[in-house]
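S.K.: What shape does this take:
(2 chains)
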2 protein chains.
Amino acid sequence: MKHNFGAGPGILPHEVLKQAAASVVDLNGIGLSILEISHRSVEFEAILDEAIKLVKELLNVPEGYSVLFLQGGASTQFALAPYNLLPEGGKAAYLETGVWANKALKEAKFFGETMVVATSKESNFNYIPKDYVIPTDAAYFHTTSNNTIYGTQLHEFPKSPIPVVCDMSSDIFSRTINVADFGLIYAGAQKNMGPAGTTLVIIKDDLLGKTGRKIPAMFNYQTQIEGGSMYNTPPCFAIYVSMLTLKWLKSKGGVPAIEKENDTKAAILYSEIERNPLFKTVCAKEDRSKMNVCFVTENPEHEKPFLKLCDEKGIVGIKGHRSVGGFRASIYNALPITSVHVLIEAMQEFAEKNK
Amino acid sequence: MKHNFGAGPGILPHEVLKQAAASVVDLNGIGLSILEISHRSVEFEAILDEAIKLVKELLNVPEGYSVLFLQGGASTQFALAPYNLLPEGGKAAYLETGVWANKALKEAKFFGETMVVATSKESNFNYIPKDYVIPTDAAYFHTTSNNTIYGTQLHEFPKSPIPVVCDMSSDIFSRTINVADFGLIYAGAQKNMGPAGTTLVIIKDDLLGKTGRKIPAMFNYQTQIEGGSMYNTPPCFAIYVSMLTLKWLKSKGGVPAIEKENDTKAAILYSEIERNPLFKTVCAKEDRSKMNVCFVTENPEHEKPFLKLCDEKGIVGIKGHRSVGGFRASIYNALPITSVHVLIEAMQEFAEKNK
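M.R.: Predicted structure coming up:
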């Protein structure tokens, strides 16, 4: 039994994997694989409809927003957001909270002027900047809701006078959000929603068509809306598994129920890190992520032996990102609390051994 | 037992589906699903390496070309080809052989001047134009090797004074090609290579970096080459299943062996259509596709009852595209000749009944 703390592509619910595997051989008894049916078949159209319905239901998406399943990951959205929302000669504002926020910023520069409203770069992004002013003359304000590498998270979204664009790749569906507070939300599926290969986009319709820019079909949200995410062949299997995962989430009680579980998982793990003399966290307490718990050993020589112990206990994917070092326990929706208990026990056992 | 003649996402080899399903639960006994491992894991890096190696081997890709697995389908490549290859103020030449060629042409207009070298639009694309002159002053000449909707195929590629860009989505790996004759080859996976969700790109490296255009990271072939198709999280599962399918192809004897099978499948099916008094083909004999066999009933009233008979015999995906009508039997690599026999028998039985 493995305990998968990988940062993404990350753990998926066991029952989702079992059903997905069955459908790779035979989808719902139709005698064909989910991999070899037309995206225009009644079967796949029902899957896509269901996936969109579940997103709307689980996130309470209000009227006036479109839900899309696209390809290319959040990195493609880094370019598509300004392509679609930044007018010729306009300006976009960015909150720089890490490498991914910075990559988003870089792509925006291809399309117009950018400004960094605030940054925590000077301290290797170990906190979320606060008390900044969002300019009223920018087309949008871009944020990253959770910073996988550093283990920080925006626990409160700023009130903004301009539309907020948010990369929610690593915490979407993990906590309650108010979609109406955002102009554009995007998220690669491979952390909390499904496997790698599809990207969720939630866009406020009335923000579109205002840039004066001509946009190739595949990069144009309007084309994708009109095509119902099927302007061309969509990534059928990734959408199918996302649909199964969202259905699993609904059966668990939806976002409020999983948020409660996530809160508990994060609380017990941070509490052990604080209690355990051998470990410490690296980022500001008030900005700690409930998805990616980053921590290091007080003594650098303890790092390798602890990794070895984890390996013996079936704990995988826990090595920290090279830019931070130490450990990163990603505790996404699908990670059972029992796996967190196993990690905590390993930390306690390690502390006992190294007293 | 179904006989899957769908135009795509199309049939995949049964053994590939079985192994893919097993890996959705547990990849090679590592205790984790192919869907929940990091793209930076040794397991996935080996899969991607193997997929690239198989493409190079099966197509004899010469030195100086890069092989990429991207996202977004051929429709994204319609834009990326001119984005990367058409210089500011330059011109691109297109052969218009159908709806997909036309869509490619439309996207190029966002990036520069375009010219249609030849078209068969006037006769609903039922033949491949020949005897055209490729301009020497264009940046590239764009072709579509196989036209899924109309059932036509370029059996011979033109000698070109400029780099040839080719959309091979529906016949890649089905026949021997000389990669050195092309500057850029691209293909959505979902016909002959794997499931929907990844796109193969084979690009001649020295064509890049000459447009004078600044290109966002995800749209820049150079970034994707430098990132080894992992500039961001790739569509892991679609690449994995493509790798399995290419491995299956290799075990069958590679492209020359499958080409022979494909020739036989096409020959016996076209021969039945010619022999059978109730059916006829719709496109020029010399341009007939060996991948998508399009045909209609002589008597329009026979269409529905024949579809019904097919349905009874487990023949699926055979309805023709709405712009052509009638039937389309897609006989991709993975379709066994036994399925073609079943279709031929159904046609014969239908002719007997309707004498």
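S.K.: switch to C-alpha atoms for all contacts and neighbour counts from now on
M.R.: Fine.
S.K.: Quick one: residues contacting the residue in the stretch 251-355 of chain A that chain B sits nearest to.
M.R.: When distances are taken as Cα to the nearest Cα, the stretch 251-355 of chain A reaches nearest to chain B at A:G317, 8.1 Å away. Neighbour list for A:G317: A:N4, A:F5, A:G6, A:A7, A:R328, A:A329 [criterion: Cα atoms under 8 Å, 6 or more residues apart in numbering or on different chains].
S.K.: Now the first one: closest residue in space that isn't a chain neighbour?
M.R.: Closest residue to A:N4 in three dimensions, ignoring its sequence neighbours and counting by Cα to Cα, 6 or more residues apart in numbering or on different chains: A:V316, at 5.2 Å.
S.K.: And the pLDDT at that neighbour?
M.R.: A:V316 carries a pLDDT value of 97.
S.K.: And for A:M1?
M.R.: Reported pLDDT for A:M1: 84.
S.K.: before we move on, what about A:V282?
M.R.: At A:V282, the pLDDT value in this model is 89.
S.K.: So the residue nearest to it when sequence neighbours are not counted, which state does it fall into?
M.R.: Using Cα to Cα, 6+ apart and skipping the chain neighbours, the partner closest in space to A:V282 is A:F295 (5.9 Å). With DSSP: H, G, I helix; E, B strand; the rest coil as the basis, A:F295 sits in strand.
S.K.: so A:F295 makes contact with A:F279?
M.R.: Yes. Counting by Cα atoms under 8 Å, A:F295 does reach A:F279; the two are 6.7 Å apart.
S.K.: Mutual contacts of those two, please.
M.R.: The contact lists of A:F295 and A:F279 share A:I273, where a contact means Cα under 8 Å, 6+ apart.
S.K.: Look up how far chain B lies from the spatially closest residue to A:N220 that is not a sequence neighbour.
M.R.: Using Cα to Cα, 6+ apart and skipping residues adjacent in sequence, the residue nearest A:N220 is A:N84, 6.6 Å away. Using Cα to the nearest Cα, to the nearest Å, one gets 14 Å for the distance from A:N84 to chain B.
S.K.: go on, A:N147?
M.R.: Noted for A:N147: a distance of 16 Å to chain B, by Cα to the nearest Cα.
S.K.: if I pick the closest residue to that residue other than its chain neighbours, what's in contact with it?
M.R.: The shortest distance from A:N147 to any non-neighbouring residue, by Cα to Cα, 6+ apart, is to A:Q153 (6.0 Å). With contact set as Cα under 8 Å, 6+ apart, A:Q153 has these partners: A:I128, A:S145, A:N146, A:N147, A:D287, A:R288, A:S289, A:K290.
S.K.: Would you format those residues as CSV with neighbour count included?
M.R.: Listed next are the contacts of A:Q153 as CSV, based on neighbours: other Cα atoms under 10 Å in any protein chain shown:
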residue, neighbour count
A:I128, 24
A:S145, 24
A:N146, 30
A:N147, 28
A:D287, 18
A:R288, 26
A:S289, 25
A:K290, 27
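S.K.: Filter the residues you listed down to the ones in helices?
M.R.: The members of the contacts of A:Q153 all map outside helices under DSSP state H.
S.K.: what secondary structure does the residue of the stretch 51-200 of chain A found nearest chain B sit in?
M.R.: Going by Cα to the nearest Cα, chain B is nearest to A:G197 of the stretch 51-200 of chain A, at 4.2 Å. At A:G197, secondary structure determined by three-state DSSP is coil.
S.K.: ok, the residue nearest to it when sequence neighbours are not counted - contacts?
M.R.: Closest residue in space to A:G197, ignoring its immediate chain neighbours: B:P235 at 4.2 Å, by Cα to Cα, 6+ apart. For B:P235, the contact set (Cα under 8 Å, 6+ apart) comprises A:A196, A:G197, A:T198, B:L70, B:Q71, B:G197, B:T198.
S.K.: returning to what we had before: for the residue of the stretch 51-200 of chain A closest to chain B, grab the count of nearby residues.
M.R.: Neighbour count for A:G197, taken as other Cα atoms under 10 Å in any protein chain shown: 32.
S.K.: For it, give me its contacts.
M.R.: A:G197 makes contact with A:71-73, A:188-190, A:235, A:238, B:71, B:197, B:234-238 under the criterion Cα under 8 Å, 6+ apart.
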